[in-house]
Structures are given as C-alpha cells and as structure tokens.
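# fold the following, please.
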Amino acid sequence: MNRPDWLKDAVFYEIYPSSFYDGNGDGIGDLNGIRQKLPYVKELGCNALWLNPCFDSPFKDGGYDVRDYKKVAPRYGTNEDLYALFREAHELGIRVLLDLVPGHTSEEHPWFLESGKAERNAYSDRYVWTDFWIKGTPGHPYIGGETPRNGTYMLNFFKCQPALNYGWAKVTEPWQTPADAPAARATRDAMADVMRFWLEKGCDGFRVDMANSLIKGDDDDKSYTCALWKGLLGELRAEFPESAYVAEWGWPRQALCSADFDMDFYLDHPGNGYNRLVRSADAYLKGNDPLPFVRDYLDRYGISRDKGYISFITGNHDTPRISWYLTEEQLKVGYALLFTLPGVPFLYYGDEIGMRYLSTLPTKEGGYTRTGSRTPMQWAPGKNLGFSSGEPDSLYLPVDRAPDAPTAEEQARDPNSLLNTVKAILRLRHRFPDLQADGSFEILHARKDDPLLVYKRGTLTLALNPSDKAVKTELTGTPLFQIGTYDKGILGPFSFIVS
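Predicted coordinates for the structure are as follows:
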C-alpha cells in the first residue's frame, strides 16, 4: 500500500466553518477564527483538519452548492486567509483537507449559466441535459423551464444543484454522453484543475463529496466511476505525492481497492457495522453484544487492509451528534474504541466535549434535520458560549441555551471530563504505533449476549465493556491505560483498558 506516511498517525478534526469560531464578530465563523484556534486542535491531539466547503456559494445547501471552486466565500474571508491557514497549520504539524463537491455545482455557477444558453458553447455539455423542454431524466430528478435551452437538466440533490456531466456507463438516449466522450473528459479535467489549484496553494488533499455518484446509467458496480477516480488521483499523486484523499463512499471494496482513494468513511447506513456500533437501537456502545458490528467491520477490514484505510467518524455535519445516542460514560469508552481501531479516525468539532444535537432548530441554509448538528462550538461560559463577540441575534445559529451546556474551557479544568479523556486516548494513540492506522488487528473475544470485546493491536491487548454491569476477563497484570475500573480480571461498567 503506497499511501502518504503522514496518514499512519493522522487523527482528523472536522470543522464546519460557519460554526467553529467567529474571528471578526459578525456572528459567522471564519477562516481567521479557525487560525486562532489551531493551538486548541493541536493540544486536543488532532494533527489534520477537514474543512467543510469554504468556497463561494449562495449557501442554499450549506456551501455544498458551489458557485466558484477557486474563490473563498467572502463571509469566511479571502483566498489569502486560506493560504495563511495552510501555512500556520503546517507550522504546527497539522495537515488540511478541503471539501470537494465534484458531482454538482450551484445553479449560479458560471459554467451552468453558459450551459443553459440556447446557443452551443464550450459549456453546453458540462451538465446533464435532455434534448427537449418536457423530456425528463428517467430515474433522476430534473428541472425544466428555467433556462433558454430546449431541454431539462438533471439534479443531484436540491433544485439548486445541477448535476455535472461525467458521462454514462450505458448510453440509451441520444442526449446522453458516453463516459469516454470528450465532453465527459472535459468535466473530469475541469475538476482536476480545481484540485490542482488548491494543492498548489498548500492544501494537503480533499474529502470528496458523493464520490461514488459521478457517472450515470447502469454503473451499478461503480466500475466506470472507479476508473475515473483511479486515473484522476494517479495524475495528482504524481505531482503531489504527499496529498491524501478520503471518499464519501461507504464501501471500501470500491473506494479503496478500485477507485484508489486513501481513505473511505464508514458511513452510517441502516444496519451496517457503524450503525450497529453507535446509532441503532441495539448498538454495541449502548451495552449490547459486539457481534453485529464485528462481523460487518471484519469483512470490510479484510477486503481493504492492504489497499487503504477505513475511517471511523464520531459524527459529521450530516448526522445527529453522537451524544444524541450515548451517555457521557458510553462516549468515553466509545471514543476509546473508535480511536484505537485500524485506519484513520475523524472527530467532529464539539464531539470531544459532548455537544448536543439540538433537534428542534428550524432549518438553516438547507440543513433541515442536520441543522441541529451544526450549532456554534461551545468554547467558554458567558456570551455566546465564547463563539462570537457579536450579539446573540446575529449568530449563524443559536448556541445551546441549556444551563449545563458543555464548554471546552470548563472541561479543560476537570481531569475526568470527556475532553480530557479524548486527549488522553489520542496521546496514547500517538505514543504507540501499534494503535495507529497500520497496526495489526485481531479479535480475541466477541460473543453473543456478552458485552465484552477484547482485541489485539500489535503487542497491545485492549478490552472494552460498554455495559452497566461488570464483566470477567482472562486478562492479567496492570493496565498501562484505563477508563473506569479494572481489578483482578474484572472490568467494571463503562470501562476500557490497554495492557
């Protein structure tokens, strides 16, 4: 496996820019605010960042409707501010991935405005269009009557997000473009140009949104989409050998083995291993047995361990926060597991202090049910919980108003806090290469109706009990790290040890 060496010890911190830290008092987070908080990220134990989209956008979908891929959204600052963020992060040993949205743009993107013209031009085939004003795109949402062009255009998600044209695996209509046609290649090359632009400025790589959805039409096994990514990423790695790429894909057999991404997210899909670990009614971290998680995970791990890294997430901008499902005691042992499994983990901002999912918030910028996971970072007690010096009614989203809303400042002073537990786990991971991305992995104990999970990473043995009852283990000796209680082979409730 030829992946950048820095990924072996990488722990990513995901930042939703609007909500992390407001550096200028206008109520919205910004790049200079992120720069000011880089020491916090470093102290936490994260040595890499993933920034959600910070490009120019109408923000009808939280920035995932890009209007200009090469321009920073003015509300976040300038391109120069982002270049400075790259430099300052690198000085602290922190890498930075940007969020790439290759499948669609905003309807306000100049490419689309040109593509919608009646006269043929260089961008006519940049998006997926039919050839008549009332002919739709079968099996896909579409819009008609919005442009002078005699046709309808395909959507990837919201009405504001026309689908870019990477071609079709199987052409069945005269308006469809083969995946190897010049028009499809032009779209692919335009996206490569965007990626190259930011890599040259100091970006370390990309998280790729909806990476498995580019080529349309009977690409069920994703072979055409995999081939596209394999070629594109190969070109970029030849120029930028230390760059790294993580796919929003959720199936490593395709993303890692065929498309050649470095990392693939273990996404929360109903019934899969991640869902059965954290979010389902019978999730392991709620005190149930680990077998449903272990079986699914071992299959994925076995397929891909020599090809790339599975990336566990604590949560992200699209999912309810992990604290919605687990208590603080469960979170502590849950994080211990997530951060000591093979692969490259991702920590969503605020999860380290147990920020809550605010389920009753009205939608903001297309967030809908996701909005409650995008609230401002809670830095300290007092005005706006330290997020902004602006007035409360100016904030991008309201902060958690609960009297016991957790803050980073308060938890930093409590040695037993969730924040300090996360710091301790990450120090342990950085200390022992066996606990990092490439360390070997073996399940020693996982049984039905038994909450005990024991696994081996290199020379280290790790045991987890997420239930509220003590369990007996066959382990001996004094742990070199522990959460909760352990005595003479008895692992207490909500406990974790490394020996």
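# so what's the residue count around residue 115?
Using other C-beta atoms under 10 Å, residue 115 is surrounded by 24 other residues. C-beta: built from backbone N, CA, C; applies to glycine.
# I meant to write residue 82 there.
Around residue 82 sit 25 other residues, with neighbours defined as other C-beta under 10 Å.
# now swap in residue 444 and tell me
Counted by other C-beta under 10 Å, the residues lying close to residue 444 total 15.
# tell me the helices and strands packed up against the helix or strand encompassing it.
Assigned by DSSP states H and E, residue 444 falls within strand 442-446. For strand 442-446, the elements it packs on are helix 291-304, strand 453-457, judged by 3 or more C-beta pairs under 8 Å, 6 or more residues apart in numbering; DSSP states H and E.
# now the first one against strand 442-446, angle please.
It refers to helix 291-304. 170 degrees (axes from the mean of the first three to the mean of the last three C-alpha atoms, to 10 degrees).
# which element is encountered next along the chain beyond helix 291-304?
Immediately after helix 291-304, counting by DSSP H and E, sits strand 309-311.
# what pLDDT does the closest residue to residue 28 other than its chain neighbours get?
Nearest residue to residue 28, sequence neighbours excluded (C-beta to C-beta, 6 or more residues apart in numbering): residue 396, at 4.7 Å. The model reports residue 396 with a pLDDT of 97.
# quick one: residues contacting residue 396.
The contact partners of residue 396, taken as C-beta atoms under 8 Å, 6 or more residues apart in numbering, are 18, 19, 27, 28, 29, 364, 376.
# rerun at 6 Å
18, 27, 28 (C-beta atoms under 6 Å, 6 or more residues apart in numbering).
# measure the closest residue to residue 468 other than its chain neighbours to residue 345 for me?
Leaving aside its chain neighbours, residue 468 sits nearest to residue 493 (4.7 Å; criterion: C-beta to C-beta, 6+ apart). Computed with C-beta to C-beta, to the nearest Å, the distance linking residue 493 and residue 345 is 25 Å.
# neighbour-wise, which of those two wins?
Counted by other C-beta under 10 Å, residue 493 and residue 345 do not tie: residue 345 has more neighbours, with 25 against 17.
# need the phi and psi values for that one.
When read as degrees, to the nearest 10, the backbone of residue 345 gives phi -80, psi 160.
# need the pLDDT of it.
98.
# quick check: it touching residue 337?
No. Counting by C-beta atoms under 6 Å, residue 337 is not a contact partner of residue 345; they are 10.2 Å apart.
# next up, the contacts around residue 125.
Residue 125 neighbours (C-beta under 6 Å, 6+ apart): 165, 183.
# and if you look at residue 484?
Counting by C-beta under 6 Å, 6+ apart, residue 484 has contacts 492, 494, 495.
# how many residues are close by the first one?
A total of 18 residues lie near residue 492 under the criterion other C-beta under 10 Å.
# not counting its neighbours along the chain, what's nearest it?
residue 485 (3.3 Å).
# with the last one instead?
If you skip the residues right next to it in sequence, residue 495 has residue 484 as its closest partner in space, 2.9 Å away by C-beta to C-beta, 6+ apart.
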